[in-house]
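J.: Whatever this is, show me its structure:
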Amino acid sequence: MAKPATILVKLVSTADTGFYYVTKKNPRNLTEKLEFRKYDPVARKHVMFKEGKIK
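T.: Here you go, the predicted model:
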């Protein structure tokens, strides 16, 4: 059986609130690190979220 093409990554808030989103990424097609501007409910505003590893 083949391995799945997608891996799980953690999007960590740059506002240092400890909040994070979990999403999927296909490392074969998207080699650079993910970076999104999303809502942080702890900071109660939109901030940048950068990719980190899931432990």
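J.: Which residue ranges of this protein form strands?
T.: In the chain, the segments counted as strands under DSSP state E are 7-13, 20-25, 35-40, 45-52.
J.: what's the closest of those strands to Met1?
T.: strand 7-13 (16.6 Å; Cβ to Cβ). (C-beta placed from N, C-alpha, C; glycine too.)
J.: Given the closest one, what are its sheet partners and their directions?
T.: strand 20-25 (antiparallel), strand 45-52 (antiparallel) (DSSP bridges).
J.: Off-centre distance for stretch 30-47?
T.: How far stretch 30-47 lies from its chain's middle: 7 Å, per Cα atoms, centre = their mean, to the nearest Å.
J.: That one: end-to-end distance?
T.: Stretch 30-47 has its terminal residues 22 Å apart, counting by Cα to Cα, to the nearest Å.
J.: With stretch 42-55 instead?
T.: Stretch 42-55: ends 22 Å apart by Cα to Cα.
J.: Just give me the neighbour total for the closest residue to Leu34 other than its chain neighbours.
T.: Of all residues not flanking Leu34 in the chain, Glu51 sits nearest, at 4.3 Å (Cβ to Cβ, 6 or more residues apart in numbering). Neighbours of Glu51 under the rule other Cβ atoms under 10 Å: 15.
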